[in-house]
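Chemist: fold the stuff below for me.
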Amino acid sequence: MRTASILALAALAHLAEAGDSTFVGGYSLDRSRSSNVVAAIDSCVSRMGIIKRVIARPLLEKDNVPAETLSIVSRIDGLAISQGTDPEATCRNDGKESNWADRGGRVYRLSCERGNGRLTLVIKGKDGQGRDEYRWSDDGTELRLVVTVNSPHLPVPLTYLLDYRRQAP
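Modeler: Presented below is the predicted three-dimensional model:
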């Protein structure tokens, strides 16, 4: 029993040292301060030919629906991030890539970087890469999510901002 307590304390100390308490919590989308994602998609695909644009727009709209809420929970192996209807993603403490499947069952490689009050998820797929950068306000009450989608099929990266407010515990 004592060994388990020591291990639990060591794990908590490691989490505190890593600054995970900054990240942990529930958040609600503030649409009034967020980008219009459909307009960002339209701007991105406007540089494409009509055929490619007709194919790309609905795919981007389907994969870039802002979650009304998101939560970040500290676990022994890392941070668990839940957004909308997608399955939970784990940002591993050891920094190694892991497999992650979206709600449609498509499998991606997921890796994370943490530091300076930021958490960055990099999601790599066969058709491109997404980068979700979570930035916290100094007081921890606001979270800005900067989403960037890169693909060789897109003329320019798709980028948009989502603002979230921390929910009361």
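
Chemist: what sits against residue 132?
Modeler: Under the criterion of CB atoms under 8 Å, 6 or more residues apart in numbering, the contact partners of residue 132 comprise 120, 121, 123, 145, 146, 147. The way it works is simple: take the backbone N, C-alpha and C, and place the C-beta from them, glycine included.

Chemist: and the strands in this structure?
Modeler: Along the chain, counting by DSSP state E, strands occupy 25-29, 69-75, 78-83, 89-92, 98-101, 107-115, 118-125, 128-136, 142-150, 158-166.

Chemist: make TSV from those and add mean pLDDT to it.
Modeler: Conversion of the strands of the chain to TSV gives the following (pLDDT from 0 to 100):
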stretch	mean pLDDT
strand 25-29	95
strand 69-75	92
strand 78-83	90
strand 89-92	89
strand 98-101	92
strand 107-115	90
strand 118-125	92
strand 128-136	95
strand 142-150	96
strand 158-166	97
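
Chemist: ok, which of the ones you listed comes nearest residue 57?
Modeler: Among the strands of the chain, the nearest to residue 57 by CB to CB is strand 158-166 (10.8 Å).

Chemist: now for the strands of the chain, which one comes closest to residue 47?
Modeler: The closest of the strands of the chain to residue 47 is strand 158-166. By CB to CB, the value is 11.3 Å.

Chemist: nearest residue to the middle of the chain?
Modeler: In the chain, the C-alpha closest to the average C-alpha coordinate belongs to residue 132, at a distance of 4.3 Å (CA atoms, centre = their mean).

Chemist: how close does it sit to residue 35?
Modeler: When CB to CB, to the nearest Å is applied, the distance between residue 132 and residue 35 equals 14 Å.

Chemist: got it, and residue 25?
Modeler: Counting by CB to CB, the separation of residue 25 from residue 35 is 22 Å.

Chemist: so between those two, which is more surrounded?
Modeler: Ranked by neighbour count (other CB atoms under 10 Å), residue 25 and residue 35 place residue 25 first, with 19 against 16.
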